[in-house]
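**Student:** I need the structure of the sequence given here:
(4 chains)
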Protein chains: 2
Amino acid sequence: MPDRRSRLPADTLADRTSDDGAADALDTRSRLVETARVLFLQQGYGATGVKQILAAAGANSGSLYHYFPTKEDLLLAVLDRYRDLLRPLVIDPVFSRIADPVERIFGVLDGYRRMLEITGCRQGCPIGNLALELSDDHPAVRSLIAANFTGWRTAILECLDAAADRLPDDVDRSALASFVLSVMEGGVMQARAYASPAPFEEAVSMLRDHFDRLLAAAAAWPAAPPRPEPPARLGNESPCPFPGNSR
Amino acid sequence: MPDRRSRLPADTLADRTSDDGAADALDTRSRLVETARVLFLQQGYGATGVKQILAAAGANSGSLYHYFPTKEDLLLAVLDRYRDLLRPLVIDPVFSRIADPVERIFGVLDGYRRMLEITGCRQGCPIGNLALELSDDHPAVRSLIAANFTGWRTAILECLDAAADRLPDDVDRSALASFVLSVMEGGVMQARAYASPAPFEEAVSMLRDHFDRLLAAAAAWPAAPPRPEPPARLGNESPCPFPGNSR
DNA sequence: GGCCAAGTTGATCGTTCAATCAAGATGTGT
DNA sequence: ACACATCTTGATTGAACGATCAACTTGGCC
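**Tutor:** Numbers count the residues shown, from 1 in each chain, chains lettered A, B, ... in the order given. Reported below is the predicted structural model:
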């Protein structure tokens, strides 16, 4: 079992010639992974047939089974790709636009709000979907899903640590990161169920209220640390992460 | 007493001789709904075949299609049943054990924590699972999923309204209910991904902190309303809702 | 006792699924 | 120019799927 996946002749995005959409003009393996990623996102893992992936990727079944022993290995490659894409596609654009660590968190959340807006609440968090669909199936899958969540947690925790001096001393920042992630995932879930972004926005608004109280408590209490004026809430809007065809 | 179903060439599952299972000795329709409910919960809707439902329920395919025109109508019946079960099975036991409205909310959350504990984090919120699996498929399904969430929201909102005088005046209680539900669903999702209840417990702990701050703010501010001493956090533990076979 | 509607049965339809295979195309090193 | 490993092709496999149907059994009512 050779550990392929060291391929990648050119960088993954901004391809040359860019003749059409995006996922063409890649080597077959990348095309399969990218196509499977989008289809898994839109329809789920179980509901997506290998046949459909092959048709959409313009490949044949033998090619798929040349690169991946089984459909599940293709899923593992997709999850690898999500982990690789998190920073450059989701986190970095927000961080480069917003400097304040707390606002960075809400900038990321706003990215998900925009995704709900754009997709009409028909597309959720790719990791969350897969987590609920197959987190208790095979261990390798569950482990990679957890690794993806850890990527999110780490990014949020970075912000919290950077804002540590503006937060109460006794706040558990790691637990707070779990909290933020829970609100995000639970909000997206409700938005999809109601086909409306309102529940997500309400949940994020309550999270904002919580952070306001945390910051105020830290500022009001013992020796008030230097409290910079809170910057403008959101300079402009966040990009939509994980596009995957507007359907 | 004709021993109907005297057939049984090979046993499909532990059979009558002990009708303890509670899902036996029901009319066929109820047995089908209950069996489908459990299987959908354990495996998801798409991954559960009609054949498997029939085998587990001890029914035949014709019976199913006598009661339900299609598999999706069976799902609708399952969702109806979840809505009917929410109060008597999940809410009422907590409410009868806990009087304080805020503690009632955390009592319900503790019920989900216990479910994670008992199932080894292998079983999530049934509504949440279905929401992410098929909220953008057929409208009738999505609508019933939303109705189920509304049942949860309403129960939580009742508690918040009952505690309205202990909360800040300007708090949006409806949004706060969405917030609580988001934390619950997102926490369960992470717990399943990590195969550990820790993320759920962390998120709930942060939610508790938020409520502490809300209550303190209301108590400290203008004309302090009578603030009863907060009762003991949890008298005893909440039951596990939606059991569905410990697997 | 006789009747009919309600309920149940199991065989079977056409389709789709993941996976396999032998054989052909491609390209790289020498 | 040659050889050989890598990669791609598309038909094919057997099993499982959702769904349908006509035939059969049961129970309540006159």
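**Student:** Quick check: end-to-end length of stretch A:59-78?
**Tutor:** Terminal residues of stretch A:59-78 are spaced 17 Å apart (CA to CA, to the nearest Å).
**Student:** Relative to the whole chain's centre, how far out is it?
**Tutor:** 23 Å (CA atoms, centre = their mean, to the nearest Å).
**Student:** can it be found next to chain B?
**Tutor:** No - applying CB under 8 Å from any CB of the partner chain, one finds stretch A:59-78 separated from chain B by no less than 13.6 Å. Heads up, the C-betas are built off the backbone N, CA and C, glycines and all.
**Student:** now that stretch: mean pLDDT?
**Tutor:** For stretch A:59-78, the mean per-residue pLDDT is 86.
**Student:** How about stretch A:107-119?
**Tutor:** Rounded mean pLDDT across stretch A:107-119 is 96.
**Student:** which parts of that stretch are buried?
**Tutor:** A:107-116, A:119 (16 or more other CB atoms under 10 Å in any protein chain shown).
**Student:** is it anywhere near chain B?
**Tutor:** No - Stretch A:107-119 lies apart from chain B when judged by CB under 8 Å from any CB; the minimum separation is 8.9 Å.
**Student:** lowest average confidence, helix or strand, in chain A?
**Tutor:** Each helix and strand of chain A was given a mean pLDDT (mean pLDDT, DSSP states H and E); the minimum falls on helix A:61-67 at a mean of 83.
**Student:** got the contact list for the residue nearest to the spatial centre of chain A?
**Tutor:** When CA atoms, centre = their mean is applied to chain A, the residue found nearest the centroid is A:Leu86 (5.8 Å). Going by CB atoms under 8 Å, 6 or more residues apart in numbering or on different chains, A:Leu86 touches A:148, A:151-152, A:155.
**Student:** Equivalent analysis for A:Arg153, please.
**Tutor:** A:Arg153 neighbours (CB under 8 Å, 6+ apart): A:174, A:177-178, A:181.
**Student:** Repeat that for A:Val204.
**Tutor:** A:106, A:109, A:113, A:183-184, A:187.
**Student:** Could you give the number of residues near A:Asp169?
**Tutor:** By other CB atoms under 10 Å in any protein chain shown, 9 other residues sit near A:Asp169.
**Student:** give me the number of residues near the nearest residue to it once chain neighbours are set aside?
**Tutor:** Once flanking residues are discounted, A:Asp169 sits nearest to A:Ala218: 7.7 Å by CB to CB, 6 or more residues apart in numbering or on different chains. A:Ala218: 20 surrounding residues under other CB under 10 Å.
**Student:** check whether stretch A:42-52 contacts DNA strand D.
**Tutor:** No - Stretch A:42-52 is not in contact with DNA strand D by CB under 7 Å from any atom of the strand; minimum separation 8.3 Å.
**Student:** does stretch A:37-56 come close to chain B?
**Tutor:** Yes - counting by CB under 8 Å from any CB, chain B is contacted by stretch A:37-56 at A:44, A:46-47.
**Student:** about what we covered before: and which of the contacts of A:Leu86 is nearest DNA strand D?
**Tutor:** Nearest to DNA strand D among these is A:Asn148, at 26.5 Å by CB to the nearest atom of the strand.
**Student:** Can you give me the distance of that closest one to chain B?
**Tutor:** The gap separating A:Asn148 from chain B is 8 Å, by CB to the nearest CB, to the nearest Å.
**Student:** Could you report the neighbour count for that residue?
**Tutor:** Neighbour tally, A:Asn148, other CB under 10 Å: 23.
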